[in-house]
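S.K.: okay, predicted coordinates and the sequence, questions at the end:
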Amino acid sequence: MSHALLSWARFPNHPQRSVRVPWRSDLPGLLTALRRSVNTTLPFGNGRSYGDSCLAASDHVLVMRALDRIIQVDWDQGLVTVEPGITLGELLAVTVPHGWFLRVTPGTQFVTVGGAIANDVHGKNHHRQGTFGCHVSRLGLFRSTEGQLTCTPTANPALFAATIGGLGLTGVITWAEIQLQRIRSTRINLVTQRFDSIEEFFDLSRELDAQHEFGVAWVDCAAEGTSSGRGVYMAGDFAEDEYLAWTSRRRLSVPFVPPVSMINRVSLRVFNEMYWRSFAPVRKRIHATAESFFYPLDRLRKWNRAYGPRGFQQYQCVIPPDAAAGNIKALLNAIAESKTGSFLAVLKQFGGNKSPGLLSFPRPGVTLALDFPNLPSRTDKLFQRLDAIVRDARGRLYPAKDAHMQAADFQRAYPEWRELESLRDSALNSRFWQRVTQ
Ligand SMILES: Cc1cc2nc3c(=O)[nH]c(=O)nc-3n(C[C@H](O)[C@H](O)[C@H](O)COP(=O)(O)OP(=O)(O)OC[C@H]3O[C@@H](n4cnc5c(N)ncnc54)[C@H](O)[C@@H]3O)c2cc1C
């Protein structure tokens, strides 16, 4: 046992005791020992999930980070087989010089492959490539009763589907085979364009997503009145200029947890106004590095500490297309009225690519994601308002970001949960799963 771990948003505050898995062959013994001592456990990747989906119901997790080896690579086909604890950044450092990139990456390179599969993460190209799980061809799964299994769309297909987006509950992923994407450059040709309303966001998304691999928007969650719904659309593609580099730059870090949150009403308004003004009102074409485009938040290490000792919560929902415009407006109005929120509020259109995952979050529609400092009673009250809008629109929340969803909302939005429960490994359970199903 070693030091205690928390999830990324440092809320809820349930420090996890950790048991490290140094080799795949150690898993059976460690799982049996935990079963005897604390009954259930949960695999833990790199703790980049915000709420309680990466916290074990027993508060004792199996830490997978040491399983970070590349097992096999086919450089002609761009097919890699890796252990689950390798982070996306570590994998890219090896594959980029050979001209291969991940087909799907979330907004941080510090997530593990196991974590990316268990939450079936999405990126800025969901409208083209779907989720991470769409590019996993095979995986190894260790189950406490059956031992080691190989799962593919045709071998153990039910377990394959349930493990993609399966929240770490179906077994411990011990390896995965992933299809990569050919690239000729790590530079991104970027198009930026400001918009003044949600209607304009939809117009830009329709136009630019049809032309570009990547598309995402920043939205000013503090803007009210005539400025409400303003933001910046960013669309892009990999360049073709034969520049393949992956250098992990030295990063600044938030050295300690300040006594109060540094993100407040004043700093939020000032930052958002400055950020908005930093973009020209007309369409611009610029170059960016892949690292700054995909992982802007990774530049500041441990930024989660800036929210102070109470931590924060992320709210990420998806609203189906027919109800999207009005409901995104209603969500933004409620957030602006609450005078809280975060700098990085993100809007993105999901596409129609269906994931193989049973419980995957993305579905066609628009997703809105932003962080909120944890303020007693205020955050709860705001989330109740937001939940009512999402419920009426028949939308749903993202378990990887969640620390508050009500059981009834989860079960309505994810009716497949019973099937996952029937395939859950009885040695594994999370605080999230307990909260929303038990
Ligand atoms: C700055 C930032 C930006 C983000 N951007 C995005 C985004 O754009 N899109 C998106 O989808 N998500 C995003 N996320 C969320 C993040 O990608 C997911 O929460 C991801 O699953 C975290 O991976 P992790 O390795 O840290 O795993 P953890 O958070 O530690 O665990 C996540 C889940 O994986 C399970 N797990 C871990 N390893 C294994 C294993 N070996 N076998 C079985 N289960 C396992 C755990 O039990 C848990 O259920 C972002 C997070 C941050 C902090």
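M.R.: Structure received. Numbering: from 1, shown residues only.

S.K.: what residues does the stretch 201-350 of the chain have near the ligand?
M.R.: residue 297 (Cβ under 6 Å from any ligand atom). (C-beta placed from N, C-alpha, C; glycine too.)

S.K.: what residue in the stretch 201-350 of the chain comes nearest to the ligand?
M.R.: Of all residues in the stretch 201-350 of the chain, the one sitting closest to the ligand is residue 297 (4.3 Å; Cβ to the nearest ligand atom).

S.K.: could you pull out the strands for the stretch 151-300 of the chain?
M.R.: 172-182, 187-195, 214-219, 231-238, 252-253, 284-289, 300-301 (DSSP state E, counting those that start in this stretch).

S.K.: mind putting those strands into TSV with mean pLDDT, mean neighbour count and distance to residue 423?
M.R.: Below are these laid out as TSV (pLDDT from 0 to 100; neighbours: other Cβ atoms under 10 Å; distance: least, Cβ to Cβ, whole Å):
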stretch	mean pLDDT	mean neighbour count	distance to residue 423
strand 172-182	98	22	14
strand 187-195	97	20	39
strand 214-219	98	24	33
strand 231-238	98	23	37
strand 252-253	88	10	40
strand 284-289	96	13	41
strand 300-301	92	14	37
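
S.K.: let's have the ones you listed in JSON lines, adding distance to residue 139.
M.R.: Below are these laid out as JSON lines (distance: least, Cβ to Cβ, whole Å):
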{"stretch": "strand 172-182", "distance to residue 139": "4"}
{"stretch": "strand 187-195", "distance to residue 139": "30"}
{"stretch": "strand 214-219", "distance to residue 139": "26"}
{"stretch": "strand 231-238", "distance to residue 139": "27"}
{"stretch": "strand 252-253", "distance to residue 139": "33"}
{"stretch": "strand 284-289", "distance to residue 139": "31"}
{"stretch": "strand 300-301", "distance to residue 139": "30"}
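
S.K.: count the neighbours of residue 76 for me.
M.R.: Residue 76 has 6 neighbours, counted by other Cβ atoms under 10 Å.

S.K.: and what of residue 255?
M.R.: Neighbour tally, residue 255, other Cβ under 10 Å: 9.

S.K.: list the contacts of it.
M.R.: Residue 255 is in contact with residue 302, counting by Cβ atoms under 8 Å, 6 or more residues apart in numbering.

S.K.: tell me the predicted confidence for it.
M.R.: Note on residue 255: pLDDT of 89.

S.K.: likewise residue 260?
M.R.: The model reports residue 260 with a pLDDT of 86.

S.K.: do the same with the one 5 residues further on
M.R.: The score at residue 265 is 83. That number is its pLDDT.

S.K.: for the one 4 residues further on, same thing?
M.R.: Residue 269 is assigned 87 on the pLDDT scale.

S.K.: how far away is it from residue 227?
M.R.: For residue 269, the distance to residue 227 (Cβ to Cβ, to the nearest Å) stands at 11 Å.

S.K.: please apply the same query to residue 279.
M.R.: From residue 279 to residue 227 the distance is 14 Å (Cβ to Cβ).

S.K.: kindly report the same for residue 259.
M.R.: 33 Å.

S.K.: neighbour count: the two, which is higher?
M.R.: Between residue 259 and residue 227, counted using other Cβ under 10 Å, the more crowded position is residue 227 (15 against 7).

S.K.: got a list of what the closest residue to the more buried one other than its chain neighbours touches?
M.R.: The shortest distance from residue 227 to any non-neighbouring residue, by Cβ to Cβ, 6 or more residues apart in numbering, is to residue 220 (6.9 Å). By Cβ under 8 Å, 6+ apart, the contact set of residue 220 is 227, 230-231, 272, 275-276, 345.

S.K.: any idea how far apart the tips of stretch 232-248 sit?
M.R.: Using Cα to Cα, to the nearest Å, one end of stretch 232-248 lies 27 Å from the other.

S.K.: also stretch 85-101?
M.R.: One end of stretch 85-101 to the other measures 18 Å (Cα to Cα).

S.K.: begin at 28 from now on, thanks
M.R.: Fine by me, first position is 28 from now on; the one you just mentioned is stretch 112-128.

S.K.: how is the chain divided into domains?
M.R.: According to automatic domain parsing, the chain comprises the domains 97-210, 214-434.

S.K.: deepest in the core, which of those domains is it.
M.R.: domain 97-210 (a mean of 21; mean count of other Cβ atoms under 10 Å).

S.K.: briefly note if that one comes near the ligand.
M.R.: Yes: against the ligand, domain 97-210 shows contacts by Cβ under 6 Å from any ligand atom at 111, 133-135, 138-139, 141-143, 145-146, 148-150, 194-195, 199-200.

S.K.: ok, and does whichever helix or strand residue 88 is part of reach over to the ligand?
M.R.: Using DSSP states H and E, residue 88 sits in strand 87-90. No: Strand 87-90 is not in contact with the ligand by Cβ under 6 Å from any ligand atom; minimum separation 7.7 Å.

S.K.: for that strand, packing partners?
M.R.: Other helices and strands packing on strand 87-90, by 3 or more Cβ pairs under 8 Å, 6 or more residues apart in numbering; DSSP states H and E, are strand 43-47, helix 54-65, strand 69-71.

S.K.: does the ligand sit close to the longest one?
M.R.: Right, the one you point to is helix 54-65. No: Helix 54-65 lies out of reach of the ligand by Cβ under 6 Å from any ligand atom, never closer than 9.6 Å.

S.K.: which non-adjacent residue is nearest residue 416?
M.R.: residue 357 (5.1 Å).

S.K.: quick check: next helix or strand after the host helix or strand of the one you found?
M.R.: In the assignment (DSSP H and E), residue 357 maps to helix 351-365. Downstream of helix 351-365, the first helix or strand assigned by DSSP H and E is strand 373-377.

S.K.: any idea of the angle that next one forms with helix 351-365?
M.R.: Orientation of strand 373-377 against helix 351-365 (axes from the mean of the first three to the mean of the last three Cα atoms, to 10 degrees) gives an angle of 160 degrees.

S.K.: same for strand 373-377, what does it pack against?
M.R.: helix 153-156, helix 225-238, strand 241-246, strand 392-400.

S.K.: shaky segments in the chain?
M.R.: Scanning the chain for pLDDT under 70 picks out 28-30, 276-277.

S.K.: for the closest residue to residue 78 other than its chain neighbours, give me its contacts.
M.R.: Leaving aside its sequence neighbours, residue 78 sits nearest to residue 430 (Cβ to Cβ, 6+ apart; 3.2 Å). By Cβ under 8 Å, 6+ apart, the contact set of residue 430 is 34, 36, 38-39, 77-79, 340.
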